[in-house]
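Chemist: Predicted model and sequence below, questions to follow.
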Amino acid sequence: MGPYCPIYGFGALIITIFLNRYLDDPVALFVMSCLTGAILEYFSSYMMEKIFQTRWWDYSEHKYNLNGRISLTTTLGFGALGLILCYVFNPFFINLLNDLSSLTLTILTIILALIFLTDCLISFKIISSIKKIDLTGTKDATDEITARVKEILKSKSFFNKRLVIAFPSFKVKFAETKEKIEKIYHKKV
């Protein structure tokens, strides 16, 4: 479990690869970075919620949000970070990478890809284990369930604790979880 959130990494890759054509127009780059970040964040939120029955972030209390999955504030942040990425970080790292040999770049790429893949697999395993947590006896209160899940994760390994740190505002979707519990135990919770 690395000290990063894959959504941001994928966003940076998408911006770096596909938005280079806008480097001469900072306003267009900003707008396209906003759109890229918003689409990626919305899609990621939706898919993570469908796969894991858990809402990992919720912007419902932010002004100008869309289904609590994205908000104007975070979308503008993606735009600003897109500019910083393209005009500051990318040129810096490209200069560093240009000094490396082809072999060194290949080895570095393989090592970083293996670390990232390992992190994704461990994260998926840990997130999937959340589904197995026994929530019987709890009331119909998302906040209580979320607190219980966080408590259980914090009591586990470093990797579980890292999920709570990486996604401090995730919420368990109680209705779907309750239905699954009822099916397992054939009774009402």
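Modeler: Received it, and whenever you're ready, just let me know what you need.
Chemist: what's around Met47, how many residues?
Modeler: Per other C-beta atoms under 10 Å, the neighbour tally for Met47 reads 10. (C-beta placed from N, C-alpha, C; glycine too.)
Chemist: Show me what whichever helix or strand Ile122 is part of is packed up against.
Modeler: If you go by DSSP states H and E, Ile122 is part of helix 102-130. Judged by 3 or more C-beta pairs under 8 Å, 6 or more residues apart in numbering; DSSP states H and E, helix 102-130 is in contact with helix 6-18, helix 26-52, helix 142-154, helix 158-166.
Chemist: What are the buried residues along the second one?
Modeler: This means helix 26-52. 29-30, 32-34, 36-38, 40-41, 44-45, 48-49, 52 (16 or more other C-beta atoms under 10 Å).
Chemist: which two in those are spaced the farthest apart?
Modeler: By the measure C-beta to C-beta, Leu29 and Phe52 form the most distant pair in the buried residues of helix 26-52, at 33.1 Å.
Chemist: quick one on the thing from earlier: closest one of the buried residues of helix 26-52 to Leu121?
Modeler: Using C-beta to C-beta, those come closest to Leu121 at Phe52, 14.9 Å.
Chemist: What distance do you get for the closest one to Phe116?
Modeler: Phe52 is 20 Å from Phe116, where distance means C-beta to C-beta, to the nearest Å.
Chemist: Contact partners for the residue nearest to Cys120 when sequence neighbours are not counted?
Modeler: In space, and not counting its chain neighbours, Cys120 is closest to Pro6: 6.5 Å by C-beta to C-beta, 6 or more residues apart in numbering. Contacts for Pro6 (C-beta atoms under 8 Å, 6 or more residues apart in numbering) come out as 116, 119-120, 123.
Chemist: Can you say which of these are buried?
Modeler: Taking 16+ other C-beta under 10 Å as the criterion, what is buried in the contacts of Pro6 is 119, 123.
Chemist: Would you reformat the contacts of Pro6 as CSV and include pLDDT and distance to Tyr22?
Modeler: Shown next, in CSV, are these (pLDDT from 0 to 100; distance: C-beta to C-beta, whole Å):
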residue, pLDDT, distance to Tyr22
Phe116, 82, 27
Asp119, 79, 30
Cys120, 79, 29
Ser123, 72, 32
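Chemist: residues near Ala12, how many?
Modeler: Neighbours around Ala12, by other C-beta under 10 Å: 20.
Chemist: Could you find the closest non-adjacent residue to it?
Modeler: Leaving aside its chain neighbours, Ala12 sits nearest to Leu85 (5.7 Å; criterion: C-beta to C-beta, 6+ apart).
Chemist: before we move on, what about Met48?
Modeler: Trp56 (5.4 Å).
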